[in-house]
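> Sequence and predicted structure are below.
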Amino acid sequence: MMQCLSSIGDCSRYECVQLLDTKAVGVRREKMYKIDDHVACAVAGITSDANILINTCRLQSQRYLLTYQEPIPVDQLVRGICDSKQGYTQFGGMRPFGVSLLYAGWDRLQGFQLYQSDPSGNYGGWKATSIGANHSSATGILQSDYEEDMSLDQAMRLVIKVLSKTMDSTTLSPEKVEISTLTMQNDVVNFKIYEDSDLRPILDAVNSEVLKEKETAQ
């Protein structure tokens with residue numbers, strides 16, 4: 001939503017001002033959420049539905065921690081929330097949650113894990129996958145370009161490359177992209193959401209690479 005301002009007596013001069021306060025509570029993050037110290041997720045679909053599921057995941061994780069004094073295994077967390085999602089498909093007067101989720105986490109049993117779940121409650125483990133608009137095209141690119149021994153920097157560049165080729169926008173900017181990582185350092189799991197200042201140089205580099213590829217193809 002944009003606001004047009006004009007100087008008095010001269011309606012030919014306009015300045016566009018962004019009205020949405022991106023730092024406000026509930027607006028700052030739209031797609032990336034932290035569930036627990038060792039689990040995070042990304043969402044695609046109805047954000048209000050996603051908020052309910054994320055709060056349920058957080059509650060389930062804390063209940064397990066309180067009961068057993070250790071973090072919940074990632075696959076058990078995903079299985080529990082997907083069982084709840086599936087229940088909403090069985091009865092009249094209820095509708096499925098209109099959101100797909102990607103869960104990234106680490107536990108001492110299986111290490112780093114990535115799961116994807118759809119509105120029906122079906123889920124599966126992946127090495128790399130995508131959800132949301134144009135997910136089929138994005139997954140196709142991942143199938144051809146993903147390598148298991150990729151570094152974090154290479155993986156981020158691949159993700160941005162996939163976004164640049166599947167989003168409607170020709171160039172990516174920090175206002176259009178959210179990126180987060182889950183890493184292990186000194187036996188501590190770190191969840192990081194990249195700020196605009198961190199994203200801009202990476203986006204600029206990938207935008208240049210994609211532009212060169214297009215020029216070469218022509």
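Arrived safely.
> make it CA atoms for all contacts and neighbour counts henceforth
Fine.
> can you count the residues close to Phe91?
Look at Phe91: counted by other Cα atoms under 10 Å, it has 9 neighbours.
> element containing it?
Secondary structure from DSSP states H and E places Phe91 outside every helix and strand.
> Phi and psi next, for it.
The phi/psi pair for Phe91 (degrees, to the nearest 10) reads phi -120, psi 150.
> if we look at the sheet, which residues does Leu102 bridge to?
Note on Leu102: beta-bridge partners by DSSP bridges are Ala42, Gln116.
> roughly how far apart are the spatially most central residue of the chain and Asn186?
Geometric centre of the chain, nearest residue: Ala42, 3.2 Å, by Cα atoms, centre = their mean. Distance, Ala42 to Asn186, using Cα to Cα, to the nearest Å: 25 Å.
> Check Cys57 too.
According to Cα to Cα, Cys57 stands 26 Å off from Asn186.
> Give me the more crowded residue out of the two.
For Cys57 versus Asn186, the count of surrounding residues by other Cα under 10 Å is larger for Cys57: 19 against 6.
> Give me the phi and psi angles of that one.
Main-chain torsions, Cys57, degrees, to the nearest 10: phi -60, psi -40.
> what about it, distance to Thr166?
From Cys57 to Thr166 the distance is 30 Å (Cα to Cα).
> now Thr183
26 Å.
> ok, now Asp36?
Noted for Asp36: a distance of 30 Å to Thr166, by Cα to Cα.
> Ok, Asp198 next?
The separation that Asp198 has from Thr166, given Cα to Cα, amounts to 22 Å.
> Can you pick out the residue with more neighbours from these two?
Higher neighbour count among Asp198 and Thr166: Thr166, with 17 against 12, using other Cα under 10 Å.
> wait, the more buried one sits on Ser137?
Yes. Between Thr166 and Ser137 there is a contact under Cα atoms under 8 Å: 6.8 Å.
> Tell me where the chain has strands.
2-7, 10-18, 32-36, 39-45, 99-107, 111-117, 123-125, 180-185, 188-193 (DSSP state E).
> Tell me what angle the third one forms with strand 39-45.
Angle, strand 32-36 to strand 39-45, by axes from the mean of the first three to the mean of the last three Cα atoms, to 10 degrees: 140 degrees.
> Just the buried residues of strand 32-36, please?
Within strand 32-36, the residues that count as buried by 16 or more other Cα atoms under 10 Å are 32-36.
> Please identify which of those residues is nearest to Ser144.
When the buried residues of strand 32-36 are ranked by distance to Ser144 (Cα to Cα), Met32 comes first, at 25.5 Å.
> Brilliant, that's me finished.
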